[in-house]
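Student: here are the coordinates; sequence isn't available:
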């Protein structure tokens, strides 16, 4: 029988120490020399199957104790050392393996410290949001990944880039696309740069949406993408070529701290330019006003997706020619937010977006259905919210489709200017109510002090927990 070699020196040493044995005594019980056991404990010799069986019979050691013990610790340590604060400290995973194997208690302590640090960072973030809501903003911040920095910069500022809008309009004049922007873009790329656009099957592009081959001058698109997304990918590529100077100027103005963050911002601005090219500012604003911001009408008129039309509504803030100031939030079905934007910046302090009672979460129960709801914040601020699920790239038969949900919101004061406000008024009339009914929500569970909330997922940081043996409330977290 072939021998299976296992290096488990630190674990053998711990077992020996736990039993109060010297190396000489354990070596005698195993039928090997003390020097050989010493080499085993220093991971210079492997454990063979025969030795594992001997350990099991003589010292009652289960074979599972010698294999895979540190896997959980290694994963947890890897999570800790991938934090921006520690990134780059270790050249590879081997040192993590050595720490987890040789000093498991120390490894567990490191993981505990890291998790406590993350918890405190989250609490500081919550406190920062609370102070900002009260008009006492702070500069509290933790270590961030480049993507976190980019998201924060874009969320804090208005989702409008005037220079890119102007360049997109000039580009539209050059293209003169008529009713076929996709064809006009392909012809322009071929004519000006010799770039040919090809749609390839899933088997050829299993992991990519878009790939540009500089050597053959071909831009490949995945057939998984809808026609709307294929158009956006081609428009992004064209914009990053045509309006690169305007994009570079906007990136410089964002004052990002790393090359990686600037690269990610370039991608986001290319996406912005693509939307500006697909839905030119003045025609889109005029159509939005005529349709009272009906997203389905707009997406049909401009040949775009629901997500693209909704996203474009958050960009309509040109000086002297502005639309309703919408903001947008997109989440996945686990509730993780990964895109926020707003005509005036995403309203973190006034709206938050972290409440589980928002209609964007209910949208997953009825995919494709539009949910319209008025919500009220604890301070009395009210917002009109429109939510709907979005379908990602098409999968194969055995693949689960990617589905997210988008929330588009605005101040309730604009309800008479948008078609969705009429739905709220009609619903109030059917219910025999004089005013529009609102759903009480909060910025996030940690910042919300509404008592008895059935949806509460965390206690508020502003109140001590008040558990009473004689009384239990409706919420999972009772507080004083």
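Tutor: Nice, thanks for sending it over. Quantities reported herein were computed from a predicted structural model and do not represent experimental measurements. Numbering: from 1, shown residues only.

Student: for the stretch 1-150 of the chain, give me the ranges with low pLDDT.
Tutor: Low-confidence segments of the stretch 1-150 of the chain (pLDDT under 70): 1-7, 63-74, 83-94, 96-98, 101-102, 122-144.

Student: run through the helices of it in chain order.
Tutor: For the stretch 1-150 of the chain, applying DSSP state H, counting those that start in this stretch gives helices covering 9-18, 23-30, 34-41, 49-59, 71-81, 94-102, 104-133, 146-156.

Student: which outside residues touch the helix or strand hosting residue 238?
Tutor: Taking DSSP states H and E as the criterion, residue 238 maps to helix 227-242. Identification of contacts with helix 227-242 by Cβ atoms under 8 Å, 6 or more residues apart in numbering yields 167-168, 171, 181-182, 185-186, 188-189, 193, 195, 197, 199, 209-210, 212, 219, 221, 225, 247, 266, 270-271, 273-275, 277-278, 303-305, 308, 393. C-beta here means a position set from N, CA and C on the backbone, and glycine is covered the same way.

Student: residue nearest the middle of this structure, spatially speaking?
Tutor: Central residue of the chain (Cα atoms, centre = their mean): residue 338, 3.2 Å from the mean position.

Student: got a list of what the nearest residue to that residue once chain neighbours are set aside touches?
Tutor: Excluding the flanking residues, the one nearest residue 338 by Cβ to Cβ, 6 or more residues apart in numbering is residue 330, at 6.4 Å. Shown in contact with residue 330 (Cβ under 8 Å, 6+ apart): 307, 337-340, 390, 404-407.

Student: show the buried residues in those residues.
Tutor: Burial by neighbour count, judged by 16 or more other Cβ atoms under 10 Å, picks out 307, 337, 339-340, 390, 404-407 from those.

Student: related to what we said a few turns ago, list the buried residues in the helix or strand following the helix holding residue 238.
Tutor: Of the helices and strands lying after helix 227-242 in sequence (DSSP H and E), the nearest is helix 244-254. Neighbour counts over helix 244-254 (16+ other Cβ under 10 Å) mark 246-247, 250-251, 254 as buried.

Student: all strands of this structure, in order?
Tutor: Ranges of strands in the chain, per DSSP state E, are 196-200, 210-213, 218-222, 317-318, 321-322, 327-332, 337-342, 371-376, 382-391, 403-411, 438-440.

Student: relative to residue 153, which of those is closest?
Tutor: strand 337-342 (11.4 Å; Cβ to Cβ).

Student: which elements pack onto the closest one?
Tutor: When contacts are defined as 3 or more Cβ pairs under 8 Å, 6 or more residues apart in numbering; DSSP states H and E, strand 337-342 sits against helix 146-156, strand 327-332.

Student: starting at the chain centroid, how far to the first one?
Tutor: Helix 146-156 has its C-alpha centroid displaced from the chain centroid by 11 Å (Cα atoms, centre = their mean, to the nearest Å).

Student: of the buried ones among the contacts of residue 330, closest to residue 357?
Tutor: Each of the buried ones among the contacts of residue 330 was scored against residue 357 by Cβ to Cβ, and residue 407 proved nearest at 12.1 Å.

Student: rewinding a little: measure how the helix holding residue 238 sits relative to helix 244-254, angle-wise.
Tutor: In terms of direction (axes from the mean of the first three to the mean of the last three Cα atoms, to 10 degrees), helix 227-242 departs from helix 244-254 by 90 degrees.

Student: so, low pLDDT: which residues of the stretch 251-400 of the chain?
Tutor: For the stretch 251-400 of the chain, no range has pLDDT under 70.

Student: what distance do you get for residue 463 to residue 44?
Tutor: Distance, residue 463 to residue 44, using Cβ to Cβ, to the nearest Å: 57 Å.

Student: do the same with residue 306
Tutor: Going from residue 306 to residue 44 by Cβ to Cβ gives 63 Å.

Student: what sits against residue 159?
Tutor: 272, 314-315, 317, 341-343, 345.

Student: if we ignore the residues flanking it in sequence, what's nearest it?
Tutor: Distance criterion Cβ to Cβ, 6+ apart; nearest residue to residue 159, sequence neighbours excluded, is residue 341 at 4.2 Å.

Student: surely residue 294 is in contact with residue 419?
Tutor: Yes. If you go by Cβ atoms under 8 Å, residue 294 and residue 419 touch, sitting 4.6 Å apart.

Student: find residues that contact each of these two.
Tutor: Counting by Cβ under 8 Å, 6+ apart, residue 294 and residue 419 have no shared contacts at all.

Student: out of the strands of the chain, which gets nearest to residue 56?
Tutor: strand 327-332 (46.5 Å).

Student: distance between the closest one and the chain's centre?
Tutor: Per Cα atoms, centre = their mean, the displacement of strand 327-332 from the mean C-alpha position of its chain is 10 Å.

Student: now do it against strand 382-391, angle only.
Tutor: 40 degrees.

Student: the inter-axis angle of strand 327-332 versus strand 337-342?
Tutor: Between strand 327-332 and strand 337-342, the angle comes out at 170 degrees (the same axes, to 10 degrees).

Student: strand 327-332 pairs with which strands?
Tutor: strand 337-342 (antiparallel), strand 403-411 (antiparallel) (DSSP bridges).

Student: please identify the buried residues of it?
Tutor: So strand 327-332, judged by 16+ other Cβ under 10 Å, has buried residues 327-331.

Student: ok, the residues you listed vs residue 78, which is closest?
Tutor: residue 331 (26.5 Å).

Student: wait, what's in contact with that closest one?
Tutor: By Cβ under 8 Å, 6+ apart, the contact list for residue 331 reads 337-338, 360-361, 404-405, 407.

Student: apply 7 Å and report the result again.
Tutor: 337, 360, 404-405 (Cβ atoms under 7 Å, 6 or more residues apart in numbering).

Student: pretty sure residue 201 contacts residue 221?
Tutor: No. Using Cβ atoms under 7 Å, residue 201 is not in contact with residue 221, being 10.9 Å away.
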